[in-house]
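In: output the structure for:
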Amino acid sequence: MLNSIRCSIVSLRKSVVSLKGAIAVVLLVLLFWMPPAQSANLDQVQKLLQARICVGCDLSGADFKSADLRGVNLTRANLQSANLEGANLAAANLRDADLRKANLTLANLVATDLSGANLKDANISKSRDAEVRLCHTIEPNGKMVDRNCPTR
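Out: Below you'll find the model as predicted:
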């Protein structure tokens, strides 16, 4: 009986070692073959936060939740899938910015220039948008809108 218990324990230990090896292999495969998560260029995030200007920057996937971005210049910036929930973007320049799938819930967009911006599939619910400029802007529903455009 004791020999049978010892054999079972040895067999169990071998199984645990094999399982640990299999788990390690799976983790390595996931680590090296999965595409990287979309994230912003950290140098460009720093540039924006310090200089308040980042023309043409790649900030896709950046987390600016509740950030104070009043008056920043983000002309032609890539903000795809960025989290701007509750951000203060009052009087910001977002001309020609790519905001597809961005989260702008509760964002302050008062007097923000979104001319030429692409907001397709963006969440703009409960955002404050008084005086926002939307000239040739693509709305979340994919339709182009012209609102508060300068007269010529």
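In: all contacts plus neighbour counts: C-alpha atoms, from now on.
Out: OK.
In: give the contact list for the closest residue in space to Ala122 that isn't next to it in sequence.
Out: Leaving out its chain neighbours, the residue that sits closest to Ala122 by CA to CA, 6 or more residues apart in numbering is Lys101, at 4.1 Å. By CA atoms under 8 Å, 6 or more residues apart in numbering, the contact list for Lys101 reads Gln80, Ser81, Ala82, Leu119, Lys120, Asp121, Ala122, Asn123.
In: tell me how far the second one lies from Ala92.
Out: It stands for Ser81. Ser81 sits 18 Å away from Ala92, going by CA to CA, to the nearest Å.
In: next one: the first one
Out: If you measure Gln80 against Ala92 using CA to CA, the figure is 17 Å.
In: the fourth one now?
Out: Leu119 is 15 Å from Ala92, where distance means CA to CA.
In: out of the two, which sits in the busier spot?
Out: Using other CA atoms under 10 Å as the criterion, Leu119 and Ala92 rank with Leu119 on top: 27 against 24.
In: what's the distance between the more buried one and Arg76?
Out: 13 Å.
In: kindly report the same for Arg95.
Out: Where Arg76 is concerned, Arg95 sits at a distance of 6 Å (CA to CA).
In: okay, those two: which has more neighbours?
Out: Arg95 (23 against 20).
In: the more buried one contacts Val72, doesn't it?
Out: No: in this structure, Arg95 is not within contact of Val72 by CA atoms under 8 Å, at 11.2 Å.
In: stretch 105-112: how far from the chain's middle?
Out: Centroid separation between stretch 105-112 and its chain, computed with CA atoms, centre = their mean, to the nearest Å, is 17 Å.
In: CA-only coordinates of it in PDB, if you can.
Out: Coordinates of the C-alpha atoms in stretch 105-112 are reproduced here as PDB (Å, rounded to 0.1, in the frame of the first residue of the first chain):
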ATOM      1  CA  THR A 105     -18.200  61.100 -22.500                       C
ATOM      2  CA  LEU A 106     -18.700  64.200 -20.300                       C
ATOM      3  CA  ALA A 107     -15.900  66.000 -22.100                       C
ATOM      4  CA  ASN A 108     -16.000  69.800 -22.100                       C
ATOM      5  CA  LEU A 109     -15.900  70.800 -25.800                       C
ATOM      6  CA  VAL A 110     -17.100  74.400 -25.400                       C
ATOM      7  CA  ALA A 111     -15.600  76.600 -28.100                       C
ATOM      8  CA  THR A 112     -13.500  73.600 -29.400                       C
END
